[in-house]
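> no sequence for this one, just the structure:
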């Protein structure tokens, strides 16, 4: 007989001790090797729990903790609309209880919780992309990892760059908010995230100012060159945020003049065309990809999105202009993990405004899995791409361009929030 499982927030010191043990074993790469490190991990979890948007949860069976996760009430900017998006992170399963569907039950709980809260979308960073793809999570925008020589950076007005400290917290928060509103995919900053910026003394903080406002900022840390000496260091950029070209150029020019002290600047960006900015886009490896392509950067898949409530999604996007199209489309979705999304959904589109209309006669039908639909609706891919790869089907090819334009956005989703 299967024992009842309960998922709830952590409450007692004993539960926090169990949480820490599971977290240490689930993420051994964090390298917690002594009692002090264990205590720091425990206290970090407890501090996160105090943030209004974060809930640290445990899955209990027979009064013992079997799994852990953190849930986040994110506010995300999607196609001009601010909406609640559920986030899950720190998923861990006790080593003695692997392959017992603990993670399965936690993700089911996670999705149900946010559907009840009125969210249509959830997001996560996968420990294994294939694991969550099978659960219906679609890939977001890829990350580009650059290793840049300071001299390769473009010129700009670095005179407007100055150091930031705790007194600039609100200016930084306001700058991020303006960037978020103009973006697709950014999530609102939360208290714990902002606290981490200004409480980290190893994090260098610089901002670009214009007309009395912070228009961009740069967060980075110094890191020794592997197998080097104490005079050899790199800069690891944690955040490069900017509202306009002048702010971007000014911050990059500031980095460029660090060449006397710094060998390499390591930057992760979701911008596919960042290499166009660089005088020399090569990453220093000297690798040549036949027939004659110089290696510029590495790429990786990371954040994944999932639609959990189709009617709610189109309700939230009622004010979004779906490229001015007028048509009626039946969307046939497969979803084995969360059957509430499976089935046929008919949307009527008039001058770009969408309504769900189950009684309408469709002009065309498209069929795809919920994972690909999630990537499509966030703007991470296009319908033409899915069609070309056999990841979507259409009943009448004459409507392929119409459907492509319907879901097309010039701004792919970006996410700078780690969770």
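Yep, it's here. The model shown is predicted, which means the values in this text are computed figures rather than measured ones.
> and whatever helix or strand residue 48 lives in, what does it pack onto?
Assigned by DSSP states H and E, residue 48 falls within helix 35-49. Other elements packing on helix 35-49 under the criterion 3 or more Cβ pairs under 8 Å, 6 or more residues apart in numbering; DSSP states H and E are helix 13-26, strand 54-61. C-beta: built from backbone N, CA, C; applies to glycine.
> just name the most buried of the ones you listed.
strand 54-61 (a mean of 20; mean count of other Cβ atoms under 10 Å).
> tell me which other helices or strands the next helix or strand after that strand touches.
Using DSSP H and E, the helix or strand that follows strand 54-61 in sequence is strand 64-78. Identification of packing neighbours for strand 64-78 by 3+ Cβ pairs under 8 Å, 6+ apart yields helix 13-26, strand 54-61, strand 81-93, helix 102-116, strand 121-124.
> strand 64-78 - what's its average pLDDT?
Mean pLDDT, strand 64-78: 98.
> between strand 81-93 and that strand, find me the angle.
160 degrees (axes from the mean of the first three to the mean of the last three Cα atoms, to 10 degrees).
> list the buried residues in strand 64-78.
Of the residues in strand 64-78, 65-74, 76-78 count as buried by neighbour count, 16 or more other Cβ atoms under 10 Å.
> then stretch 246-265?
Across stretch 246-265, burial judged by 16+ other Cβ under 10 Å covers 246-256, 258, 262-265.
> low-scoring pLDDT stretches of the stretch 1-150 of the chain, where are they?
Scanning the stretch 1-150 of the chain for pLDDT under 70 picks out 1-2.
> could you chop this structure up by domain?
With domains defined by automatic domain parsing, the chain comprises 5-119, 144-299, 308-407.
> residue 174 reaches residue 214, doesn't it?
Yes. Counting by Cβ atoms under 8 Å, residue 214 is a contact partner of residue 174 at 7.2 Å.
> looking at the two, which is more packed in?
Neighbours per residue (other Cβ atoms under 10 Å) separate residue 174 from residue 214, with residue 214 holding more: 23 against 13.
> ok, the nearest residue to residue 175 once chain neighbours are set aside - contacts?
For residue 175, ignoring the flanking residues on the chain, the nearest one in space by Cβ to Cβ, 6 or more residues apart in numbering is residue 214 at 4.4 Å. Residue 214 makes contacts with 164, 168, 171, 172, 174, 175, 207, 208, as judged by Cβ atoms under 8 Å, 6 or more residues apart in numbering.
> tally of neighbours for residue 52?
Residue 52 has 9 neighbouring residues, counting by other Cβ under 10 Å.
> swap that for residue 417, please
19.
> cool, residue 238 as well?
Residue 238 sits with 17 neighbouring residues when counted by other Cβ under 10 Å.
> which ones are touching it?
203, 219, 220, 221.
> what residues of stretch 180-191 count as buried?
Applying 16+ other Cβ under 10 Å to stretch 180-191 flags 180, 183, 184, 185, 186, 187, 188, 189, 190 as buried.
> mind checking which of the residues you listed are in helices?
residue 180 (DSSP state H).
> including distance to residue 230, could the helices and strands packed on helix 35-49 go into a markdown table?
Below are the helices and strands packed on helix 35-49 laid out as a markdown table (distance: least, Cβ to Cβ, whole Å):
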| stretch | distance to residue 230 |
| --- | --- |
| helix 13-26 | 31 |
| strand 54-61 | 38 |
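> now for the ones you listed, which one comes closest to residue 412?
strand 54-61 (27.0 Å; Cβ to Cβ).
> tell me the angle that closest one makes with helix 35-49.
Angle, strand 54-61 to helix 35-49, by the same axes, to 10 degrees: 110 degrees.
> what packs against strand 54-61?
Checking 3+ Cβ pairs under 8 Å, 6+ apart, strand 54-61 ends up next to strand 5-9, helix 13-26, helix 35-49, strand 64-78, helix 102-116.
> for that strand, the distance to its chain's centre please.
Counting by Cα atoms, centre = their mean, to the nearest Å, strand 54-61 is centred 22 Å from the centre of its parent chain.
> identify the residues contacting it?
So strand 54-61 is contacted by 3-10, 15, 18-19, 45, 48-49, 65-73, 90, 102, 105-106, 109, 190, 192 (Cβ under 8 Å, 6+ apart).
> now stretch 270-288
141-144, 146-149, 151-154, 252, 264, 267, 294-298, 412, 414-415.
> what about the residues you listed, which are in strands?
143, 144, 146, 147, 148, 264, 267, 294, 297, 298 (DSSP state E).
> out of these, which two sit at the greatest distance?
143 and 294 (20.0 Å).
> quick check on those two: which one has the bigger neighbour count.
More neighbours surround residue 143 than the other of residue 143 and residue 294, with 18 against 13 (other Cβ under 10 Å).
> check contacts around the more buried one.
Contacts of residue 143 by Cβ under 8 Å, 6+ apart are 268, 269, 270, 299, 300, 301, 302.
> pipe these into CSV and attach pLDDT, secondary structure and distance to residue 320 per row.
Below are the contacts of residue 143 laid out as CSV (pLDDT from 0 to 100; DSSP: H, G, I helix; E, B strand; the rest coil; distance: Cβ to Cβ, whole Å):
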residue, pLDDT, secondary structure, distance to residue 320
268, 98, strand, 29
269, 98, strand, 26
270, 97, coil, 21
299, 97, strand, 29
300, 97, strand, 29
301, 97, coil, 26
302, 97, coil, 25
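> just the closest of those to residue 389, please.
residue 301 (15.1 Å).
> hmm, the closest one is touching residue 132, no?
No. Residue 301 is beyond contact range of residue 132, at 10.7 Å (criterion: Cβ under 8 Å).
> of these two, which one has the most company?
Neighbours around residue 301 and residue 132, counted as other Cβ under 10 Å, are more numerous at residue 132. The numbers are 23 against 14.
> and what about the more buried one, helix, strand or coil?
helix (DSSP: H, G, I helix; E, B strand; the rest coil).
> which residue packs closest to it, ignoring adjacent ones?
Nearest residue to residue 132 in three dimensions, chain neighbours excluded: residue 126, at 4.4 Å (Cβ to Cβ, 6+ apart).
> again with residue 381
Nearest to residue 381 is residue 375, by Cβ to Cβ, 6+ apart, at 4.7 Å.
> now that neighbour: which helix or strand?
Going by DSSP H and E, residue 375 is in helix 370-378.
> which helices and strands does that helix pack with?
Short answer (3+ Cβ pairs under 8 Å, 6+ apart): helix 370-378 packs on strand 138-139, strand 304-307, strand 327-334, helix 383-388.
> to residue 198, which of these lies closest?
With Cβ to Cβ as the yardstick, what comes closest out of the helices and strands packed on helix 370-378 is strand 304-307 (29.6 Å).
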